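1. Here's a sequence, model it:
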Amino acid sequence: MSALPGVLAQLNASGQLYSRLVVELGTNGPSWNPNQIAAVLNSLHLQQVVLVNSGNDPAHPDWPAIINQQLLQVAAAVPGTTIVDWYAASAGHPEDFMWGDLSGDGIHPGPIGSEAMAVLITQAVDSWPPPSASPVASAGPAFPHGLHCPA
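-> Residues are numbered from 1 along each chain as shown. Model (predicted):
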């Protein structure tokens, strides 16, 4: 997340930044400033921002709560922002982090988790404009290929 302002500036300068943005960063720690991220996003006048929150991190169990609170701060400060709740969607689903028969690290999604996350992001993007009641998007009732549906 600390690299996001520079990346966005580069994309904007090269004409490669569109009015709708999905950001899935932050798992590598809470060492970023939510006020700085919100200021950068607000300066870009984007139509829609979708932030994917942090899932479980077995090596750093305190990080997800901090990171996800920071993302809520950003969402509250940036109009048109929705948070995809990957933390809730992936909780209790170790298959989301498996690579074939190999157990993953519990942080980085494997093929099943990548597909589940993509479905959540697609639903958030497709449901624009977001409901004004809550910045956290929940998954719809159907997941393809037998994927789990978060409660």
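2. pLDDT below threshold where in the chain?
-> The chain contains residues with pLDDT under 70 at 130-151.
3. Do a quick rundown of the helices in it.
-> Assigned by DSSP state H, the helices in the chain fall at 4-13, 34-44, 63-77, 86-90, 111-126.
4. tell me the most buried of those?
-> Highest mean neighbour count of those: helix 86-90, a mean of 23 (counted as mean count of other Cβ atoms under 10 Å). No exception for glycine: its C-beta is placed from N, CA and C like everyone else's.
5. I'd like to know which elements that helix is packed against.
-> helix 111-126 (3 or more Cβ pairs under 8 Å, 6 or more residues apart in numbering; DSSP states H and E).
6. helices and strands around the helix it packs on, which ones?
-> With contacts defined as 3+ Cβ pairs under 8 Å, 6+ apart, helix 111-126 has these neighbours: strand 20-23, strand 48-52, strand 81-84, helix 86-90, strand 136-137.
7. in this structure, which residue is closest to the centre?
-> Compute the mean C-alpha point of the chain, and by Cα atoms, centre = their mean the closest residue is Val52, 0.6 Å away.
8. and that residue, what are its bridge partners?
-> Here Val52 sits in beta bridges with Val84, going by DSSP bridges.
9. Test my guess that it contacts Met117.
-> Yes. In this structure, Val52 is within contact of Met117 by Cβ atoms under 8 Å, at 6.8 Å.
10. how near is the residue nearest to the centre of the chain to His45?
-> Distance, Val52 to His45, using Cβ to Cβ, to the nearest Å: 22 Å.
11. if we can go back for a sec, the helices and strands packed on helix 111-126 into TSV, with extra columns for distance to Val125?
-> Formatted as TSV, these follow (distance: least, Cβ to Cβ, whole Å):
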stretch	distance to Val125
strand 20-23	7
strand 48-52	6
strand 81-84	9
helix 86-90	15
strand 136-137	10
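12. Can you get me the start-to-end distance on stretch 85-99?
-> Counting by Cα to Cα, to the nearest Å, you get 22 Å between the two ends of stretch 85-99.
13. quick one: that stretch to chain centroid distance?
-> 13 Å (Cα atoms, centre = their mean, to the nearest Å).
14. same check, this time on stretch 42-56
-> 7 Å.
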